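Participant: build me a model:
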Amino acid sequence: QVQLVESGGGSVQAGGSLRLSCAVSGYTFARLCMGWFRQAPGKERERVAQISGDGGTTYYADSMKGRFIISRALSESTGYLQMNDLNPEDTAMYYCAAKIGTCGWPNYWGQGTQVTVSS
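Facilitator: Below you'll find the predicted structure:
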């Protein structure tokens, strides 16, 4: 069973940065597509970014391109999301997610970590 544990959320002022971490256990890390999704109150969950098992392919939502960077550390079985130039519209619960094999809608979800950006 894949287990995902997020950390690194918090409150920050507009223009600031945060780095989210996702510790993975229960499955071969390199065989998982890792991703970050977010959900704001009253809105649907949306994809932020995903990264393939070998780290060679990344996907970003248009509004995150150039501001967010997804990465993974194989030796640590950990995924990361570096978020820069945050704005209040980025306020949401952020979820780490994983899918076995090729990237797509995830099979496994973390419990989420709150990110709040104030103006």
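Participant: only C-alpha atoms from now on, for both contacts and neighbour counts.
Facilitator: Noted.
Participant: tell me the centre residue of the protein?
Facilitator: Trp36 (2.4 Å; C-alpha atoms, centre = their mean).
Participant: is that residue in a bridge, and if so with what?
Facilitator: Beta-bridge pairing of Trp36 under DSSP bridges involves Ala49, Cys96.
Participant: thought Thr58 was touching it, still the case?
Facilitator: No: if you go by C-alpha atoms under 8 Å, Trp36 and Thr58 don't touch, sitting 11.4 Å apart.
Participant: what do the two both touch?
Facilitator: 49-50 (C-alpha atoms under 8 Å, 6 or more residues apart in numbering).
Participant: which stretches of this structure form strands?
Facilitator: Here the chain has its strands, by DSSP state E, at 3-7, 10-13, 18-25, 32-39, 46-51, 58-60, 68-73, 78-83, 92-100, 108-109, 113-118.
Participant: packing partners of the shortest one?
Facilitator: Read it as strand 108-109. If contacts are counted by 3 or more C-alpha pairs under 8 Å, 6 or more residues apart in numbering; DSSP states H and E, strand 108-109 sits against strand 3-7, strand 92-100.
Participant: and with 10 Å instead?
Facilitator: Under the contact definition 3 or more C-alpha pairs under 10 Å, 6 or more residues apart in numbering; DSSP states H and E, strand 108-109 sits against strand 3-7, strand 32-39, strand 92-100.
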